[in-house]
Structures are given as structure tokens and as C-alpha cells.
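Novice: structural data only, the sequence is not supplied:
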């Protein structure tokens, strides 16, 4: 019997957004339990996905690498978690500080403001995958922080 076609997850380009996508990637893994899950991403964040349980392969987000992965289904995540949760950077920093049990003095410097907000229509995710976020942003941050902390502690312990 032939191997089932892989599911391609096109991950966000930036580390913060990629980390925020981890709970959703776990949901994709659960939904497509019998199929390999391959993540396509920038080389700069690809090492993150090699540590994620349930990710069977990581390829660079280039046409040739994606074609070689031989996937028949793709799930695309937006390049900003702000499309799913509208929070300010200050609010996000406050959430992470609360999770980490630290305080942070924020210093605002004059400069370009950038995009003030983004929004996304996730109805296709709901329709095709029957997927809704199963946890809040705060819970996702707490889980992600704990997971990253564990990875760091494991690496430190390996070096001792």
C-alpha cells in the first residue's frame, strides 16, 4: 500500500508568528493523524519546527522544495498572529512578562509606526478543517513559553 500524501503547512515567516502558530499546527496534526505533516518555512525559523512533535518534515518555503515534498493538501497560516488576535505589542509583552513572572520596563522610541492592525477571514479554516482555536491567546502563550523553557533547560543540561 502506498504512503498517504503529506499535508503541507505553510508557516509564518517570523519567529514570533511561527511560535504562535504551534498550537494550530498541533491541531492540524490531530485532524490529519494518518498523514505526514510537512512544514514549509523560511530557513531562519526552520530549526524551530524540527523540534515540534508531530511535524514529520521541514522544507524551505521555495517552489522546488515544496514540490519535492509531494503534498496534496496545504494549510496556509498568515504571517501575523494579529490576524487571529488583535492585541497591541504592549499587551503581548505584558502577557509574556506575566507568564514568565518578570517585569519589563518598556521604552518607546520615535520611529515609523508600521501596520496598526490586521484582520483575517478564517471562515475557510472553519469550513474545510472544522477548526477553531481551542485555547485562548494567553493559554497558548503560557504553553509555548513552558515548552520553550523546557527546550532551553534540556539543551543546558546536555552541555553540563
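Specialist: Now that the structure is in, tell me what you want to look at. What you see is a predicted model, and the numbers here were worked out from it, not measured in a lab. Residues are numbered from 1 along each chain as shown.
Novice: contacts for the helix or strand of the chain with the lowest mean pLDDT?
Specialist: Within the chain, confidence by mean pLDDT, DSSP states H and E is lowest for helix 123-129 among all helices and strands, at a mean of 72. Applying Cβ atoms under 8 Å, 6 or more residues apart in numbering, the external contacts of helix 123-129 come out as 27-28, 31, 75, 131-132. (C-beta placed from N, C-alpha, C; glycine too.)
Novice: let's see 6 Å
Specialist: If you take Cβ atoms under 6 Å, 6 or more residues apart in numbering as the criterion, helix 123-129 is touched by 31, 131.
Novice: pull the distance from that helix to the chain's centre.
Specialist: Here helix 123-129 shows a centroid-to-chain-centroid distance of 18 Å under the convention Cα atoms, centre = their mean, to the nearest Å.
Novice: which other helices and strands does the helix or strand following that helix contact?
Specialist: The element immediately downstream of helix 123-129 (helix or strand, assigned by DSSP states H and E) is helix 137-159. Contacts defined by 3 or more Cβ pairs under 6 Å, 6 or more residues apart in numbering; DSSP states H and E place helix 137-159 against helix 89-100.
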